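Participant: attaching a predicted model along with its sequence, questions to come.
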Amino acid sequence: MTMRQIDISLTELLVSALNARKDLHAGQEDSGIEELASSIRQQGLLSPLIVRPLPNRQYEVLVGQRRLLACRKLGLDPVPCLVRDDLADTDAVALSLVENVHRADMHPLDKARALKALHERHGSYEPVARETAWSVPTIRKYIQLLALPDELQERLGTTNGPSGVGTLARLASTFSGDEAVQVYDRISGFTQRIQEEILRRSDGDLASIENLVTEAHEGAFNVRHCGGANGCEVIRDILQRRITQAGFQDLVRRAAEDAEALKTPDKALKDAARAFWKALAVG
């Protein structure tokens, strides 16, 4: 790797078309170019731009696109830059991605496109995981976003976060086109965990979504943990249909008696047992 730091005139600096970060406004609602320019005015440019030379004696900015725009706004000229003389196009994409990929304010689709470019460059996921320090499943999820229909891609933003990316990636792998839009509109009001559960249970069948949404509204997917010494075993037995609803009600009664907490009328106890049974979505 060859690298040298020099000051370069603004007129010689061009934004790279290979820069992984395309949407400069993503995540910048509270910290735009104006704010960055103000910071540079007060403190100076703390991190030099990373560039590579072009044949026409100009330089391509690979890392620091927003800093370049802020410097232009300030009229800061020349600009301190680190020059990389050894970068091919694929290396430039990799550098831009690795520099930006862990930033929360990088648009998820920019991450997805850059990760896809790296995957195509290497031909497998493992080298991409080593370069980015991301897991293979996470990389797959981001790349799956590119299979979403345009309408859903336009709704993506930095506020979706990793868990939101997971939900949309599952949606992209389960439904396509107009069906994906219909499903997203039906499930978007739920938490991300419940959205993923609906998608998982649908198995790609659009006709099943309405019933699953109804079950979700009724609380069928709200059970997340089990507690107590025997809780997990009891839930496992229910799910595997080795215990009846009447048997479960009896377990509830005995647990309440053991805890000296049986203060509710018989009907209320049965109603609680039925509600729990329903929450497990059995039967």
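Facilitator: Perfect, thanks for sending it.
Participant: V15: neighbour count?
Facilitator: Residues contacting V15 under the criterion other C-beta atoms under 10 Å number 14. Every residue, glycine included, has its C-beta placed from N, CA and C.
Participant: what residues sit buried inside the host helix or strand of I194?
Facilitator: Secondary structure assignment for I194, by DSSP states H and E: helix 192-202. Buried residues in helix 192-202, counting neighbours by 16 or more other C-beta atoms under 10 Å, are found at 192, 194-199, 201-202.
Participant: and the contacts of the next helix or strand after that helix?
Facilitator: Later in the chain than helix 192-202, the nearest helix or strand by DSSP H and E is helix 209-217. Contact with helix 209-217 is made by 182-183, 186-187, 190, 194, 197-198, 201-202, 221, 281, as judged by C-beta atoms under 8 Å, 6 or more residues apart in numbering.
Participant: before we move on, back to that, what helices and strands are in contact with the helix holding I194?
Facilitator: helix 161-174, helix 177-187, helix 209-217 (3 or more C-beta pairs under 8 Å, 6 or more residues apart in numbering; DSSP states H and E).
Participant: now the end-to-end length of stretch 142-153.
Facilitator: End-to-end distance of stretch 142-153: 12 Å, with C-alpha to C-alpha, to the nearest Å as the criterion.
Participant: list the buried residues in that stretch.
Facilitator: Using 16+ other C-beta under 10 Å as the test for burial, stretch 142-153 gives 142-145, 147-149, 152-153.
Participant: format the residues you listed as CSV; extra columns: distance to E126.
Facilitator: Formatted as CSV, the buried residues of stretch 142-153 follow (distance: C-beta to C-beta, whole Å):
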residue, distance to E126
Y142, 16
I143, 14
Q144, 18
L145, 20
A147, 22
L148, 25
P149, 30
L152, 29
Q153, 27
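Participant: in helices only, show me those.
Facilitator: 142-144, 152-153 (DSSP state H).
Participant: which one among these gets closest to L109?
Facilitator: Q153 (6.1 Å; C-beta to C-beta).
Participant: that closest one and S188: what is the separation?
Facilitator: As judged by C-beta to C-beta, to the nearest Å, Q153 and S188 stand 15 Å apart.
Participant: mind splitting this structure into its structural domains?
Facilitator: 3-136, 148-217, 231-279 (automatic domain parsing).
Participant: can you put those in CSV and add mean pLDDT?
Facilitator: Shown next, in CSV, are these (pLDDT from 0 to 100):
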stretch, mean pLDDT
domain 3-136, 81
domain 148-217, 87
domain 231-279, 60
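Participant: re earlier: now, the most widely separated pair of the contacts of helix 209-217?
Facilitator: Among the contacts of helix 209-217, the pair separated by the greatest distance (C-beta to C-beta) is Q182 and A281, at 22.7 Å.
Participant: more neighbours: which of these two?
Facilitator: The residue with more neighbours, out of Q182 and A281, is A281; 17 against 13, by other C-beta under 10 Å.
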